[in-house]
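> Here is the input, now give the coordinates:
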Amino acid sequence: MFDGLVNAFTSINWEVIFQLLSVALIVIAGPAVIFVLAFRNGNL
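I've put the predicted structure just below:
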């Protein structure tokens, strides 16, 4: 039972997941910064 779980976790390509996560964070951070700037009238 645990062998299947371990194989499932080791077969996951963690590098791709972390790359997708970092890209997602960057994509979300861009509009978030613009939104905060607009919300605070351009005052950081």
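> And the helices in this structure, which stretches?
Ranges of helices within the chain are 2-11, 14-39, based on DSSP state H.
> I'd like to know how far the residue nearest to the spatial centre of the chain sits from A38.
By Cα atoms, centre = their mean, the chain has its centre lying nearest to L21, at 2.7 Å. Distance of L21 to A38, computed by Cβ to Cβ, to the nearest Å: 26 Å. Any C-beta I mention is one placed from the backbone N, CA and C, and that applies to glycine too.
> residues contacting F39?
Under the criterion of Cβ atoms under 8 Å, 6 or more residues apart in numbering, F39 has no contact partners.
> And the pLDDT at it?
With respect to pLDDT, F39 scores 87.
> That one and L21, how far apart?
From F39 across to L21, the span is 26 Å (Cβ to Cβ).
> Repeat that for N7.
Separation of N7 from L21 (Cβ to Cβ): 23 Å.
> try F35
In this view, F35 and L21 are 21 Å apart by Cβ to Cβ.
> P31 too?
P31 sits 17 Å away from L21, going by Cβ to Cβ.
> Name the surrounding residues that touch the helix or strand of the chain with the lowest mean pLDDT.
Scoring the helices and strands of the chain by mean pLDDT, DSSP states H and E places helix 2-11 at the bottom, with a mean of 76. Applying Cβ under 8 Å, 6+ apart, the set of residues contacting helix 2-11 from outside is empty.
> switch to numbering from 796
Sure, I'll start numbering at 796, so the last one becomes helix 797-806.
> In that helix, which residues are buried?
Neighbour counts over helix 797-806 (16 or more other Cβ atoms under 10 Å) mark no residue as buried.
> Now do that helix: distance to the chain's middle.
Mean C-alpha position of helix 797-806 versus that of the full chain (Cα atoms, centre = their mean, to the nearest Å) differs by 24 Å.
> Pull the contacting residues for I821.
For I821, the contact set (Cβ under 8 Å, 6+ apart) is empty.
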